[in-house]
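K.L.:
below are the sequence and a predicted model; questions follow.
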Amino acid sequence: MQLAEIKRRTNPFHPYNLAVTLAALLLIAWCWRATEMSVPALLDGWGNMIVYIAGNPDIKDSGFFPPNLSGGSVGKYLLSMLETVQMALLALILSVLIAFPLSFLASRNTLEIILPGQRPLTRLVKAAIYASLRFLANLSRSINEIIWALLFVSAVGLGPMPGILALGVHTSGVLLKLFSEGIETAQQEPIDALAATGAGFLKVIRYAVVPQITPFFVSMTLYRLESDVRSATILGFTGAGGIGIYLFDKLRSYENHDVTTILLIIVVTVAIIDRISATIRARYT
Amino acid sequence: MGQIIASNLTLGYRRKKVLQGIDLSIDKGEFLSIIGPSGVGKSTFLMGLNATTTVLDGHLQVMGHDLNRVGGRELKSLRARIGVIFQSYNLVARLSVLDNIAGGMLHRRPLLPALLKHYSHQQYEEIYEYMKVVGIEHEALSRCDRLSGGQKQRVAIARAIAQKPEIILADEPISSLDPISARKVMETLRQANQKYGITIVSNLHQLDYAREFCHRVIGLNGGRIVYDGPPGGLCQATVARIYEKKEPAQASDIVAGPFPSTLPLPATALN
């Protein structure tokens, strides 16, 4: 390669790079205009937000502070937060039970262990399994938990159960995608070595694939636990159980001091879950 | 009757012939090494013996199985009788030495205890014996990514022995190792050969190790066998012939590997 060519290809101000930068700027401008984003509106309205949060001195009980700390309501909210976490845990277990086994069928490398061979029919079957699982995963996770919750409320009525099902379905789609992408990053060599011993595919997966991806699985699952808890706090809006019922109710009736109490409980709970997750994750490296 | 019999064998991949006209018979209990320039098809030959590379023409018989038409269950049970050792060890990094060695026994264990990684007392004893054979019992519960290269390769040999194989294929088992670890690995292979009567077919780049450890050496060049005999017969002229730069017989359908332009002889090879 000529030096001139090397210089041309490594020039940071290459016309191609400039064009990409310009395109990105145009994209931002286009979105900004279409959505009527406005910095002045935010600057002008800033004061209103402070009044909304801190309260208008002329109106009794306005604003979010101080939080309502009367024993009765805090106890009630804590209990329903506990129910929210229980919902999220059950939903997470449900989704891992669905996503974990399916993820080995939704990854090219493990599908090759399960159905080895390059004959046209085998390849067709593999392509069909792969595509349909990826499609199901896309479908279940592109429909929001709230929509799933509405559907399940109509099926099984109000309460935590439709919430659990909604979270479970949505999260299995997310985990199926994450797990199978994780599996596809597994090193091929140990898999080849164990396949060469003549062991069956379940044993090869157990000994050569699962150990490799355990840290990734653990970390993704724990992340989804946190995110299921966060989602579960909103599901109550549809009548699907959890602390969201109170949150929705108090927001609607402008009992903002109670809203603050609920939000504080949620924030602290998520922080606790984050600490526990970090401890568990550290054990899997 | 040979344990491995090749007659007029052509091996390779789809549309790529790598080795041609191979006639060869290997008996049970031999310790054999294959030498030759890089890219000449040593690994292709080795991997042909467990049907990883395809027989394109001629015949290849391994332990009575015709590799021209082996597949499915028959192939699985054949592979269970052949251990493989790789240059890059191919261990499961996050598993302990114990579990990695147990990986070799998977084909003869019932499914449920295997999935739970539950070992019977007998299996513990068996694995412990293999650990002692390769001298790794003091690291039994260490994760394999904490071991040195030589230790890893000895774990890989233990895994292959745990298969209770009749043949071990060793694909450049010592290429990534320092001389001391390499010697230890070769000695371990010799022990597997002598103690369990396992046939060992190994690719080597180190001629002095081939001379010291093997009963028989096969030299490949230009896609063909150019030497087959005892290591004592490797005189300087023979070695030069094995490693000389050679135009492939049919340049169009033989993979022209990266033939070295100069003789890749280690200084020790010619003494």
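P.N.:
Arrived safely, thanks for sending. Fair warning: this is a prediction, and the values are worked out from it, not measured in the lab. Residues are numbered from 1 along each chain as shown, chains lettered A, B, ... in the order given.
K.L.:
which helix runs longest in the chain?
P.N.:
With no chain named, the answer covers chain A. helix A:71-105 (DSSP state H).
K.L.:
you looked at the wrong chain, it should be chain B
P.N.:
Secondary structure of chain B read by DSSP H shows that its longest helix is helix B:179-196.
K.L.:
per-residue confidence averaged over it?
P.N.:
Per-region confidence: helix B:179-196 scores 91 on mean pLDDT.
K.L.:
which strands or helices does it pack on?
P.N.:
For helix B:179-196, the elements it packs on are strand B:31-35, helix B:121-134, helix B:149-162, strand B:167-170, strand B:199-203, helix B:207-213, judged by 3 or more CB pairs under 8 Å, 6 or more residues apart in numbering or on different chains; DSSP states H and E. For every residue, glycine as well, the C-beta is placed using N, CA and C.
K.L.:
give me the contacts around it.
P.N.:
B:29, B:31, B:85, B:133-135, B:148-151, B:153-154, B:157, B:160-161, B:164, B:168, B:170, B:173-174, B:177, B:198-200, B:202, B:206, B:209, B:212-213 (CB atoms under 8 Å, 6 or more residues apart in numbering or on different chains).
K.L.:
I'd like to know which of these are buried.
P.N.:
B:31, B:85, B:133-134, B:149-151, B:153-154, B:157, B:160-161, B:164, B:168, B:170, B:173-174, B:177, B:198-200, B:202, B:206, B:209, B:213 (16 or more other CB atoms under 10 Å in any protein chain shown).
K.L.:
and the angle from the longest helix of chain B to helix B:121-134?
P.N.:
130 degrees (axes from the mean of the first three to the mean of the last three CA atoms, to 10 degrees).
K.L.:
run the angle between helix B:179-196 and strand B:199-203 for me.
P.N.:
160 degrees.
K.L.:
SS state for the nearest residue to B:R94 once chain neighbours are set aside?
P.N.:
Closest residue to B:R94 apart from its sequence neighbours, by CB to CB, 6 or more residues apart in numbering or on different chains: A:P211 at 4.5 Å. Classification of A:P211 by DSSP: H, G, I helix; E, B strand; the rest coil places it in helix.
K.L.:
ok, A:P211 - contacts?
P.N.:
A:P211 makes contact with B:V92, B:R94, B:L95, B:D99, according to CB under 8 Å, 6+ apart.
K.L.:
picking up where we left off before, for A:I183, find the nearest of the helices and strands packed on helix B:179-196.
P.N.:
A:I183 lies closest, by CB to CB, to one member of the helices and strands packed on helix B:179-196: helix B:149-162, at 22.6 Å.
K.L.:
list the contacts for the spatially most central residue of chain B?
P.N.:
Of all residues in chain B, the one closest to the mean position by CA atoms, centre = their mean is B:A170, 1.9 Å from it. Contacts for B:A170 (CB under 8 Å, 6+ apart) come out as B:L46, B:V84, B:I85, B:L189, B:I200, B:V201, B:S202, B:N203.
K.L.:
for chain A, state which of these is nearest.
P.N.:
The shortest approach to chain A among these belongs to B:V84, at 4.7 Å (CB to the nearest CB).
K.L.:
distance between the helix or strand where the closest one lies and the chain's centre?
P.N.:
Taking DSSP states H and E as the criterion, B:V84 maps to strand B:82-85. Relative to its chain's centre, strand B:82-85 lies at 6 Å (CA atoms, centre = their mean, to the nearest Å).
K.L.:
so which elements touch it?
P.N.:
helix B:149-162, strand B:167-170.
K.L.:
neighbouring strands for the last one, and are they parallel or not?
P.N.:
When you say that, I think you mean strand B:167-170. strand B:82-85 (parallel), strand B:199-203 (parallel) (DSSP bridges).
K.L.:
mind putting the ones you listed into JSON lines with mean pLDDT?
P.N.:
Below are the strands paired with strand B:167-170 laid out as JSON lines (pLDDT from 0 to 100):
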{"stretch": "strand B:82-85", "mean pLDDT": "93"}
{"stretch": "strand B:199-203", "mean pLDDT": "94"}
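K.L.:
using PDB, list the CA coordinates for the helix or strand containing B:Q20.
P.N.:
Here B:Q20 is covered by strand B:16-26, with elements defined by DSSP H and E. Provided in PDB are the C-alpha atoms of strand B:16-26 (Å, rounded to 0.1, in the frame of the first residue of the first chain):
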ATOM      1  CA  LYS B  16     -10.700 -28.400  -1.500                       C
ATOM      2  CA  LYS B  17      -8.500 -31.400  -1.600                       C
ATOM      3  CA  VAL B  18      -5.800 -31.100   1.000                       C
ATOM      4  CA  LEU B  19      -4.200 -34.600   1.100                       C
ATOM      5  CA  GLN B  20      -4.000 -37.100  -1.800                       C
ATOM      6  CA  GLY B  21      -3.000 -40.700  -2.300                       C
ATOM      7  CA  ILE B  22      -2.500 -41.500   1.300                       C
ATOM      8  CA  ASP B  23      -1.800 -45.200   2.000                       C
ATOM      9  CA  LEU B  24      -1.200 -46.000   5.600                       C
ATOM     10  CA  SER B  25      -1.900 -48.500   8.400                       C
ATOM     11  CA  ILE B  26      -1.600 -47.700  12.100                       C
END
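K.L.:
how about it: buried residues?
P.N.:
Buried residues in strand B:16-26, counted by 16+ other CB under 10 Å: B:K17, B:V18, B:L19, B:Q20, B:I22, B:L24, B:I26.
K.L.:
identify the farthest-apart pair in those.
P.N.:
Greatest spatial distance among those (CB to CB): B:K17 and B:I26, at 21.7 Å.
K.L.:
what about the residue in chain B that chain A sits nearest to, neighbour count?
P.N.:
Closest to chain A within chain B is B:A80: 3.2 Å, counting by CB to the nearest CB. Per other CB atoms under 10 Å in any protein chain shown, the neighbour tally for B:A80 reads 19.
K.L.:
dump the residue contacts of it.
P.N.:
Each residue near B:A80 by CB under 8 Å, 6+ apart is listed here: A:T197, A:G198, A:A199, B:H107, B:R108, B:Q163, B:P165.
K.L.:
buried ones among those?
P.N.:
For the contacts of B:A80, buried by 16+ other CB under 10 Å: A:T197, A:G198, A:A199, B:H107, B:Q163, B:P165.
K.L.:
helix, strand, or coil at the last one?
P.N.:
The three-state label given to B:P165 by three-state DSSP is coil.
K.L.:
chain A contacts on the stretch 51-200 of chain B?
P.N.:
Contact residues (CB under 8 Å from any CB of the partner chain) of the stretch 51-200 of chain B with chain A: B:52, B:76-84, B:86, B:88, B:90-95, B:99, B:102-104, B:106-107, B:109, B:111, B:114-115, B:117, B:156, B:159, B:163.
K.L.:
shaky segments in the stretch 1-150 of chain B?
P.N.:
B:1 (pLDDT under 70).
K.L.:
before we move on, the earlier item: filter the residues of the stretch 51-200 of chain B next to chain A down to the buried ones, ChimeraX style.
P.N.:
Burial among those is assessed by 16+ other CB under 10 Å; the matching ChimeraX selection reads:
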select /B:52,76,78,79,80,81,82,83,84,86,88,90,91,92,93,94,95,99,102,103,104,106,107,109,114,156,159,163
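K.L.:
from chain A, which residue is nearest to chain B?
P.N.:
A:G198 (3.2 Å).
K.L.:
okay, now the residue nearest to B:D228 when sequence neighbours are not counted: neighbour count?
P.N.:
Spatially, and ignoring its direct neighbours in sequence, B:D228 is nearest to B:I218 (5.1 Å; CB to CB, 6+ apart). A count of nearby residues for B:I218, using other CB under 10 Å, gives 24.
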